[in-house]
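**Student:** Structure for this input, please:
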Amino acid sequence: MRAVSLRRTALGWMTALLAGIGLAAMVAAYVLARGEASDFLDGQLRQVALNAGPGLTDADAPPAADQDPEDQLAVSIWKDGQLLRSDRGVDALRPERTGYADVVMGGEAWRTYATANGTTMVRVAQREVVRTEFARHAALGALAPLLLLIPLSWIVVGWAMNRVLGRLDHLVQNLAGRGATANGPLPSRGVPAEVAPLVEAMNGLIRRLQAALDAQKRFVADAAHELRTPLAAMQIQIGALDGNHGERRTALAEGIARASRLVDQLLRLARLDDTAGSRETVDFGQVLLDCVADHVVFAQGKGIDLGVEIETPARIRAVEDELRTLFASLIDNALRYTPAGGQVDVMLRLQDGEVVATVRDTGCGLPPGSASRLFDRFFRAAPPGIEGTGLGLAIARRAAERNGLGLTVENRRDGQGVIAEVRLQA
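**Tutor:** Predicted coordinates:
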């Protein structure tokens, strides 16, 4: 189901509201402006009619220099029933009554005002088309501020909403940037009051999850620790047995060794799930050399060619013990899943501005569909017959995460095994 955007929804409703208010305001402004313009022009007609004097009795009086002939007022004057003056375009018929009137003269609509003073009558007329044009310009002038105000209001509202929702963006970034073991509460300062209950509920969930994780880690650490002592005692007792029942003795020793290895890996995971250690400057190449040296005997026992190549010396900020745990797990994994006569190569190089360390083997490879669960605890992608606990890659990934390193494990492009790659910014 498509997620609903609070920002788009609110802006959509606000836009519709502003558009409705703006449309109503524009219609009202247009009607009022036209009415005021009509009243103004009616007042002009009346003023001219009342001020008409002897100077207007000359039928040949020229129009005003700054007035378009089509826009000028048409004046007609009668005295004692006789027409003294009549401008072009208007009838010479004397109006029957005074005041305002809408008439048609010469095929055009006119607005007129007539006044009488004794035996003299004056009528001033103006074309309706001129009045309509004048009123339209006046109305558009009144609408101009509204046309600017509506988009400006939309911008201001959008900016204010982005400011408010921006606080939620900070909350999202805080959540996205958290590690799997982060246990601090989400910041509630500056969060809108409507969202504060949600933040408090999430903080409560974080506290409950952290308590459950702490209990789980304590159980694993305590169980592993308690198992080490009896397993070590059993190994000592096996060594003290006589040579009889050699096969049973060997099988028992192998079983105890597997259990001891599982306990050691559980303890490693418990330590990696604990509070992060302090980072220091570490010679990356030397760590790889030491890890390879620690696995030489194991590789020789399986008949595997284990090699290392340091192309680029590198010093990085990391927890040295965790870095050793990371590559010890990767090398151990590669050796266990590579058959006798195979090859495991460890390399450190510079690629595209990044320091890259790889562990490449010629083992059985990863089965299809295993990529999504590869780093899950106790998940084993190896075929039957290959010993393992399913914790090696989980340990490696946890150590990589704690030191800000990127870890990928995938099949080689040539199909001859697996390549594990660790990257960090140079």
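**Student:** Excluding chain neighbours, give the residue nearest to residue 46 in space.
**Tutor:** Nearest non-adjacent residue to residue 46, counting by Cβ to Cβ, 6 or more residues apart in numbering: residue 113, 5.1 Å away. Glycine gets a C-beta too; all of them are placed from N, C-alpha and C.
**Student:** what's the neighbour count on that neighbour?
**Tutor:** By the criterion of other Cβ atoms under 10 Å, residue 113 has 25 neighbours.
**Student:** That one against residue 123, yeah?
**Tutor:** Yes - counting by Cβ atoms under 8 Å, residue 113 touches residue 123, with 7.1 Å between them.
**Student:** Pull up the overlap in contacts between the two.
**Tutor:** Taking Cβ atoms under 8 Å, 6 or more residues apart in numbering as the criterion, residue 113 and residue 123 both touch residue 49.
**Student:** What separation do you get for the residue nearest to residue 46 and residue 12?
**Tutor:** 52 Å (Cβ to Cβ, to the nearest Å).
**Student:** Bridged to the residue nearest to residue 46, which residues?
**Tutor:** residue 100, residue 124 (DSSP bridges).
**Student:** What's the local residue count around the residue nearest to residue 101 when sequence neighbours are not counted?
**Tutor:** Spatial nearest neighbour of residue 101, excluding adjacent residues (Cβ to Cβ, 6+ apart): residue 112 at 5.0 Å. Residues contacting residue 112 under the criterion other Cβ under 10 Å number 20.
**Student:** low pLDDT regions in the stretch 1-150 of the chain?
**Tutor:** 1-4, 53-71 (pLDDT under 70).
**Student:** For residue 422, list the residues it contacts.
**Tutor:** Contacts for residue 422 (Cβ under 8 Å, 6+ apart) come out as 326, 327, 330, 356, 357, 358, 400, 405, 406, 407.
**Student:** Doesn't the fifth one belong to a strand?
**Tutor:** Read that as residue 357. Yes - counting by DSSP: H, G, I helix; E, B strand; the rest coil, residue 357 is part of a strand.
**Student:** and it, what does it touch?
**Tutor:** With contact set as Cβ under 8 Å, 6+ apart, residue 357 has these partners: 284, 288, 327, 346, 347, 348, 421, 422.
**Student:** So what pairs up with the last one in the strands?
**Tutor:** Yep, that's residue 422 we're talking about. Residues in a beta bridge with residue 422, per DSSP bridges, are residue 357, residue 407.
**Student:** gap between it and residue 46?
**Tutor:** In terms of Cβ to Cβ, residue 422 sits 94 Å off from residue 46.
**Student:** now residue 284
**Tutor:** Applying Cβ to Cβ, the value for residue 284 to residue 46 is 98 Å.
**Student:** quick one: which of these two has more around it?
**Tutor:** Set residue 284 next to residue 46 and count neighbours by other Cβ under 10 Å: residue 284 wins out with 22 against 16.
**Student:** I'd like the secondary structure assignment at the residue nearest to residue 415 when sequence neighbours are not counted, please.
**Tutor:** Sequence neighbours aside, residue 365 is the residue nearest to residue 415 in space, at 7.0 Å (criterion: Cβ to Cβ, 6+ apart). Secondary structure, three-state DSSP: residue 365 is coil.
**Student:** for residue 365, what are its contacts?
**Tutor:** Taking Cβ under 8 Å, 6+ apart, one finds 411, 412, 415, 416, 417, 418 in contact with residue 365.
**Student:** let's go with 6 Å and repeat that
**Tutor:** By Cβ atoms under 6 Å, 6 or more residues apart in numbering, the contact set of residue 365 is 411, 417, 418.
**Student:** returning to that earlier point: could you tell me which of the contacts of residue 357 are located in helices?
**Tutor:** The helices, defined by DSSP state H, take in 284, 288, 327 from these.
**Student:** Measure how buried the second one is and give me the count.
**Tutor:** What it means is residue 288. Around residue 288 there are 23 residues (other Cβ under 10 Å).
**Student:** And the pLDDT for it?
**Tutor:** Listed pLDDT for residue 288 reads 93.
**Student:** One more: the first one?
**Tutor:** The pLDDT attached to residue 284 in the predicted structure is 91.
**Student:** isn't it right up against residue 316?
**Tutor:** Yes - with contact defined as Cβ atoms under 6 Å, residue 284 reaches residue 316; the gap is 5.3 Å.
**Student:** wait, residue 73 sits on residue 122?
**Tutor:** No - contact criterion Cβ under 6 Å: residue 73 and residue 122 do not qualify, at 11.2 Å.
**Student:** Of those two, which one has the most company?
**Tutor:** residue 122 (25 against 19).
**Student:** Cross-check the contact I'm expecting between the more buried one and residue 49.
**Tutor:** Yes - using Cβ under 6 Å, residue 122 makes contact with residue 49 at a distance of 4.9 Å.
**Student:** which residues are in contact with both of the two?
**Tutor:** With Cβ under 6 Å, 6+ apart, residue 122 and residue 49 have common neighbours residue 115.
**Student:** hang on, the earlier thing: as JSON lines, the contacts of residue 357 with distance to residue 147 would be great.
**Tutor:** Converted to JSON lines, those look like this (distance: Cβ to Cβ, whole Å):
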{"residue": "284", "distance to residue 147": "65"}
{"residue": "288", "distance to residue 147": "70"}
{"residue": "327", "distance to residue 147": "68"}
{"residue": "346", "distance to residue 147": "71"}
{"residue": "347", "distance to residue 147": "68"}
{"residue": "348", "distance to residue 147": "66"}
{"residue": "421", "distance to residue 147": "60"}
{"residue": "422", "distance to residue 147": "61"}
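**Student:** And the residues you listed, which is closest to residue 173?
**Tutor:** The closest of the contacts of residue 357 to residue 173 turns out to be residue 422 (Cβ to Cβ; 26.4 Å).
**Student:** Tell me how far that closest one lies from residue 213.
**Tutor:** Distance of residue 422 to residue 213, given as Cβ to Cβ: 26 Å.
**Student:** try residue 198
**Tutor:** Relative to residue 213, and taking Cβ to Cβ, residue 198 is found at 22 Å.
**Student:** and if you look at residue 91?
**Tutor:** 100 Å.
**Student:** what do you get for residue 306?
**Tutor:** Taking Cβ to Cβ, one finds residue 306 at 37 Å from residue 213.
**Student:** Check residue 368 too.
**Tutor:** 32 Å.
**Student:** So between the two, which is more surrounded?
**Tutor:** Neighbour totals were compared for residue 368 and residue 213, and residue 213 leads with 14 against 7 (other Cβ under 10 Å).
**Student:** Just to be sure, that one is in a helix?
**Tutor:** Yes - with three-state DSSP as the criterion, residue 213 is part of a helix.
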